[in-house]
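> Attaching a predicted model along with its sequence, questions to come.
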Amino acid sequence: MIDIHCHILPGVDDGAKTLEESLEMCRMAVADGVKTIVATPHQHDGVYNTPSATILAKVEQLNAALKQAQIPLTILPGADVYIDVNTQEKITSGEIMTINRTKRYFLLEFPSHTLPANIENMVFNLMLKNIIPVLTHPERIGEVQQHPNRIYDLVSLGVLSQITAMSLTGGFGRHAQKCAKTLVEHNLAHIIASDAHSIDSRPPILTKGVKEAAKIVGHDWAQAMVTTIPQQVISGQPVEDLEAPVPIKRRWFGLG
């Protein structure tokens, strides 16, 4: 499996604090069946503005430590990015770290309560330059929990949607779980990732979430959400054979 969203680099954000903790998270991921992790520290969110050079150096350091510890795992560079009006230029210049440095896909994080105004136009302009956002954990956004159709237009534009494994299992509460399952059911989620931050409260475990997704879309497609689809993303290739998003008929998605 491939985990494209993981705060596993030590000492750069609110994820792993030390190299030892990073290595323990890596051991947990390998035991769960993960072969590749994209390290995605927060970048340009106004709190953790981790430079791309720092991300690359930390990735190199962690890969060296993994080799020394004989842990069969590969770490690739990436970042968890807040969008702004200069995102396209920052990606082109390398100031923003795209997934595996392909300048094709990047993780796009929105505020926890709502989607930014005019986001469809901003995304459309990125797509014109062949830059594809991967929307992170929409099921944990308050507005999407109430109106999951809110991301329908973004997905229809070609945005990929990544849900958190722990959301599917209830680890982020029943509202996030209900929303995550609805997004999976309506082809509004394409990738499952851990968004891991630690070895305890938010560990790098995917299989439990994949099992929950399989109950909705079947084993093969649930596995694709952690294998073939993220493989195409890290390779910078077009993501193929996606099912068309299905509008959610209910206008109001109750939280009860």
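Great, that's in hand. Residues are numbered from 1 along each chain as shown.
> can we go C-alpha only for contacts and neighbour counts from here?
Fine.
> which secondary element of the protein has the worst mean pLDDT?
Of all helical and strand segments in the chain, the minimum by mean pLDDT, DSSP states H and E falls on helix 87-93, at a mean of 88.
> Just the buried residues of it, please?
Residues of helix 87-93 classed as buried: T87, Q88, I91 (neighbour count, 16 or more other C-alpha atoms under 10 Å).
> Also stretch 123-136?
V123, F124, L126, M127, I131, I132, P133, V134, L135, T136.
> Ok, stretch 209-228 next?
So, applying 16+ other C-alpha under 10 Å, buried residues of stretch 209-228: 209-213, 217, 221-228.
> And stretch 153-163, by the same measure?
L154, V155, V159, L160, S161, Q162, I163.
> Name the residues that touch it?
120, 123-124, 127, 132-139, 180, 188-193, 244-245 (C-alpha atoms under 8 Å, 6 or more residues apart in numbering).
> just how off-centre is that stretch within its chain?
Relative to the mean C-alpha coordinate of its chain, stretch 153-163 is positioned 12 Å out (C-alpha atoms, centre = their mean, to the nearest Å).
> One more: stretch 12-20?
Counting by C-alpha atoms, centre = their mean, stretch 12-20 comes out at 18 Å from the chain centroid.
> Determine the set of other helices and strands touching the following helix or strand past the least confident helix or strand of the chain.
Where DSSP states H and E defines the elements, the next helix or strand beyond helix 87-93 is strand 105-109. On a contact count with 3 or more C-alpha pairs under 8 Å, 6 or more residues apart in numbering; DSSP states H and E, strand 105-109 meets strand 80-82, strand 132-136.
> The following helix or strand past strand 105-109 packs against which elements?
Later in the chain than strand 105-109, the nearest helix or strand by DSSP H and E is helix 119-128. Packing partners of helix 119-128 (3+ C-alpha pairs under 8 Å, 6+ apart): helix 152-157.
> okay, the angle between the very next helix or strand once past the helix it packs on and strand 105-109?
Downstream of helix 152-157, the next assigned helix or strand under DSSP H and E is strand 160-164. In terms of direction (axes from the mean of the first three to the mean of the last three C-alpha atoms, to 10 degrees), strand 160-164 departs from strand 105-109 by 60 degrees.
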